[in-house]
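1. Everything below, folded, please.
(2 chains)
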Amino acid sequence: MDQDASIRTILRKFVLEELLLGDSSSMVADDASFIESSIIDSTGVLEVVSFLEETFGIRVEDREMLPENLDSIDNLAGFVTRKQHVS
Amino acid sequence: MLVNQFLQASAERFRDKTAVVCGQRRTSYGEVETVSNALAHALRDACGLRRQQRVAVYLENSVEAVETIFAVLKAGGVFVVVNPQVKSDKLAFILSDSNVRVLVTDCHALAAIVDDLVGCADLSDIILIDSSETVLREPIADAVRLADKRLHRLDDLVATHSGIRPHNPTISIDLASLIYTSGSTGMPKGVMLTHANMIAAATSITTYLENTEDDVILSPLPLAFDYGLYQVLMAFKFGGTVVLERQFLYPYRYIELVARERVTGLPIVPTISAILLNLKDLEQHDFSSVRYVTNTAQALPEHHIRRLRTVMPRARLYSMYGLTECKRVAYLPPELIDAKPTSVGVAMPDTEVWLEDEQGREVAVPGEPGELMVRGAHVMLGYWNRPEETTKRLRPGRYPYERILMTGDIFKQDADGHLYFISRKDDLIKTGGERVGPREVENVIYELEAVQESAVIGVPDPILGNAIKAFIVLREGMSLSEVEVVRYCQKRMENFMVPKHVVFLPSLPKTTTGKISKRGLA
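-> Numbers count the residues shown, from 1 in each chain, chains lettered A, B, ... in the order given. Predicted coordinates for the structure are as follows:
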């Protein structure tokens, strides 16, 4: 549980600083889709992937680059947790 | 012949065949026909739409967007597709500029734009595509009614109107669509296209692509972009299937769709191939169904062409060139792609092109540069309500009865007559497949109080082709950060217009007359 909370904190900070460029008034809820909220574009997805790889030391396979894994803070947290358990 | 007859003919031939796949939905030609018939009746009877009045479609790629486009044509109206990324004030500008009567959107988008809609005097009706029946009781509905506009739900309109095809007095010289495009003046302008224009373009393109009813096209391109719109129009013309994605965000999802739907046609822009070719295991995926790949908007780099040829050896690769003002001009016959990878080839069927020098003389010498001129039935009528800008782009033709299109693009031809793009005459930036007028970006940057001067240019970028770069001189004693500039621009403009690079300079280079000179900026 603690680990999940700390992953979420890191992810929220990334979303706020890198995707929203620090604009806290536009901050999204954990379950909000990045696509629906129009806060991500195709280069943004690549940013998310390299952030996960660098920060959490996981390798994101091509086949894992899917909205189910990457399109909200909830999905990202679940994905990171699953990946860390495997490795 | 009318554009809506593409749907009519396919619905008669292939009533139960899947016309559109979007997310979880699969919709047949018969369903699109029936729903758009009912919506056409509703546009006339419930919204009071009259012949040739404009209806704006402000939606993500969706079945509803496609149904609306055809419904508008069936009702004798003119559709205006606006990119859902467009911000509220620009949307309001477009709605007012083209005197839009009816807006079709969803509740989420409406919430962001409702304040600006008040000023759109001609707008009388708003249709929401949301499936929720309570949507008309949301607080947003009161705001709309206060602004004296009627609010409808798409499902209600369709349920209460006849699915039988309405009588339609439209003829082929009537307008079918206004497509808004970025201009060098800083304001977008509506390209006026008749049914005859659009049919000419769709016919020519499907001829050289050799499309058949067995084709399945996967399009992540927005319907507001003519390249995306025509994927739907053309598929409906030949009775194929179009798989719509909202955007190109998740490359693996795209690849899965190619295999799952046995996609035969992939329309791309270089940004899409750059992201695909970045994947570590691209070669292991199944592209065996792909019969052709098309590229337009920006030249595909040679190394993309070589990789795509290896990944999809069976696919024919079409390098093409066009502009919204006539949709498409030229294509390279795919058998020449390895020999002439940087050429966009020859005029497409039923189109005539030539180059002219600055004195208006035809350039006949291979290798000599000149502006590309276009004759054809697909050339636009002009820009909506912009006679001056129209005369800069259309001028009296070779024969007294016609006007020809001056593309503003400088090309050269080789000894075989194949075309090579050199540069633009104006300073429009081609980025991620979009055209961006630097003035429009500069105007937004000037809204920041700390900005004294600003100049925006395009710089080479491996993913986007060109990236937008802004140079800014600050007012004395004021400060501003790169992040603040980008954040402000994100609030005011579509993502593709937001500068990727921001540089602060003590001054900008000037011409002798004191105007900002972009030469030397990089």
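
2. For the rest of this, base every contact and every neighbour count on C-alpha atoms.
-> Noted.

3. pLDDT weak spots in chain A?
-> Filtered on pLDDT under 70, chain A yields the residue ranges A:1, A:87.

4. Next to chain B, which bits of it? Give me the list.
-> By the rule CA under 8 Å from any CA of the partner chain, the part of chain A lying against chain B is A:20-21, A:23, A:38, A:41-42, A:45, A:61-67.

5. State the pair within the residues you listed that is farthest apart.
-> The span of the residues of chain A next to chain B, defined through CA to CA, is set by A:D23 and A:R63 at 31.5 Å.

6. and the nearest residue to B:P188 once chain neighbours are set aside, how far is that from B:Y401?
-> Closest residue to B:P188 apart from its sequence neighbours, by CA to CA, 6 or more residues apart in numbering or on different chains: B:S182 at 4.5 Å. Distance, B:S182 to B:Y401, by CA to CA, to the nearest Å: 29 Å.

7. Neighbour count for these two, which is higher?
-> A direct count of neighbours by other CA atoms under 10 Å in any protein chain shown for B:S182 and B:Y401 places B:S182 higher, at 19 against 7.

8. so which residue of chain A comes closest to chain B?
-> A:S42 (4.6 Å; CA to the nearest CA).

9. tally of neighbours for that residue?
-> Neighbours of A:S42 under the rule other CA under 10 Å: 16.

10. repeat for the one 10 residues further on
-> Summarising burial for A:L52: neighbours were counted as other CA under 10 Å, giving 19.

11. next one: phi and psi at the one residue sitting closest to the centre of chain B?
-> Centroid check for chain B by CA atoms, centre = their mean gives B:F225 as the closest residue, at 1.0 Å. B:F225 adopts backbone torsions of phi -90, psi 130, taken as degrees, to the nearest 10.

12. Could you do B:V502 as well?
-> B:V502 has phi and psi values of phi -130, psi 130 when expressed as degrees, to the nearest 10.

13. For it, name its beta-bridge partners.
-> When bridges are called by DSSP bridges, B:V502 pairs up with B:A470.

14. Beyond the lowest-mean-pLDDT helix or strand in chain B, next helix or strand please.
-> Lowest by mean pLDDT, DSSP states H and E among the helices and strands of chain B is strand B:434-436, with a mean of 84. Using DSSP states H and E, the next helix or strand after strand B:434-436 towards the C-terminus is helix B:438-446.

15. CA-only coordinates of that next one in CSV, if you can.
-> This file holds the C-alpha atoms of helix B:438-446, laid out as CSV (Å, rounded to 0.1, in the frame of the first residue of the first chain):
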residue,chain,number,x,y,z
PRO,B,438,3.8,31.8,-37.7
ARG,B,439,1.7,34.9,-37.3
GLU,B,440,-1.0,33.0,-35.4
VAL,B,441,1.5,31.8,-32.9
GLU,B,442,3.2,35.1,-32.6
ASN,B,443,-0.1,36.8,-32.0
VAL,B,444,-0.7,34.5,-29.0
ILE,B,445,2.8,35.1,-27.7
TYR,B,446,2.2,38.9,-27.9
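
16. list the buried ones in the helix or strand just after it?
-> Scanning forward in sequence from helix B:438-446 by DSSP H and E, the next helix or strand is strand B:451-461. Counting neighbours by 16 or more other CA atoms under 10 Å in any protein chain shown, one finds that the buried residues in strand B:451-461 are B:V451, B:Q452, B:E453, B:S454, B:A455, B:V456, B:I457, B:G458, B:V459.

17. Done for today, thanks.
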